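Undergrad: sequence and computational prediction follow.
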Amino acid sequence: MSTKPNKIWFDGKLVPWDQANIHVLSHTLHYGLGVFEGIRAYKCYDNRTAVFRLKEHIDRLFSSAHIAQINIPFTKEEVRDATINLLITNKLVEAYIRPISFIGAGKMGVHPGENPIHLAIAAYPWGAYFGGDGVSRGIRVKISSFTRMNVASFMTKAKVSGNYVNSVKAKLEVTSLGYDEAIMLDTEGYVAEGTGENIFIVRKGALKTPPLTSVLEGITRDCTMELAKDEGIEMEAERFTRDELYIADEAFLTGTAAEITPIREVDNRKIGDGKPGKITKRLQSRFFDVVKGKDSKFLKWLEFVN
């Protein structure tokens, strides 16, 4: 983040950024059982600020908490109002928004007992996740040796904090070798997702993305699929292998942070001609029109702050 906004919403109160602290013995810090979301607010073409798919993100936060058996002590409406108020208070016209619910200090040990449940929401300026060059030219990715979590061992439909150790290890592995992002396979060897993104490929004019077996139900993934349908692009949720990824005509990642980011190379193999493809650019352009409020058909996805 480039600046530190004034306030963070913490358990119902707006507190100074540097005072939004937790105890060192907070249960989630030690054992990883917390849930979070990533949300973006955009400055629209008419200078208004809009939060992209706020309802869906809050619904997923509460679904994650339900899966993790964390009872968030606030309602969805309170979280929605807190998010909007935080943007206004900090005078943010564009922002990345991070709500997190976690288990506080009290009993130590794996079982959290009756430790208190907290909820914090931060919002701050943040540009393109892979940089402007990544969005325009595409990124280089590598298949990681770390496998995506197995559904029998982890809860893959929840954004649980501890789950992301898997992603962190994969990210560290490939960035140490000079790549921008890691692609993880599932336990059967099929392409699953990136470290924080869903993946799509284009072959013979058709769009394909892994089914929701071991991958997170990405909100931008869902948006991309709906936009593809609206554009008349053939779309399938279907497994594919790493070698099918190698011979794809196009490939891209989707996510709140990544938005729609083209992939130009996988494991030192060019994807297509090594440049963002026509379908990728078409969907990317449509996506940015939507989040900037230029697409009247999908204004339903925007919650305006002002």
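TA: Thanks, I have it.
Undergrad: buried sites along the host helix or strand of Phe200?
TA: Using DSSP states H and E, Phe200 falls within strand 198-203. Across strand 198-203, burial judged by 16 or more other Cβ atoms under 10 Å covers 198-203. For every residue, glycine as well, the C-beta is placed using N, CA and C.
Undergrad: also stretch 169-182?
TA: 170-171, 173-174, 179-182.
Undergrad: before we move on, the earlier item: just checking, what packs against the strand holding Phe200?
TA: Strand 198-203 sits against strand 191-194, strand 206-209, helix 219-230, helix 242-246, strand 250-255, with contacts defined as 3 or more Cβ pairs under 8 Å, 6 or more residues apart in numbering; DSSP states H and E.
Undergrad: just the CA trace of it, in CSV.
TA: Taking Å, rounded to 0.1, in the frame of the first residue of the first chain, the C-alpha atoms of strand 198-203 are listed here in CSV:
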residue,chain,number,x,y,z
ASN,A,198,-8.8,-18.8,-10.8
ILE,A,199,-7.5,-19.7,-14.2
PHE,A,200,-9.0,-19.8,-17.6
ILE,A,201,-7.8,-21.0,-21.0
VAL,A,202,-9.0,-20.5,-24.5
ARG,A,203,-8.7,-23.4,-27.1
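Undergrad: neighbouring strands - and their directions - for that strand?
TA: strand 206-209 (antiparallel), strand 250-255 (antiparallel) (DSSP bridges).
Undergrad: and the ones you listed: which comes nearest Ala68?
TA: When those are compared by Cβ to Cβ, strand 250-255 sits nearest Ala68, at 20.7 Å.
Undergrad: pull the contacting residues for the closest residue in space to Ala50 that isn't next to it in sequence.
TA: Counting by Cβ to Cβ, 6 or more residues apart in numbering, Ala50 lies nearest to Leu302, which is 3.9 Å off, once chain neighbours are set aside. Residues in contact with Leu302, defined by Cβ atoms under 8 Å, 6 or more residues apart in numbering, are 44, 50-52, 290-291, 293.
Undergrad: in strands, which of those fall?
TA: Those of the contacts of Leu302 mapping onto strands are 50-52, per DSSP state E.
Undergrad: mind putting the residues you listed into CSV with pLDDT, neighbour count and distance to Gly132?
TA: Listed next are the ones in strands among the contacts of Leu302 as CSV, based on pLDDT from 0 to 100; neighbours: other Cβ atoms under 10 Å; distance: Cβ to Cβ, whole Å:
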residue, pLDDT, neighbour count, distance to Gly132
Ala50, 98, 23, 21
Val51, 98, 24, 22
Phe52, 98, 24, 19
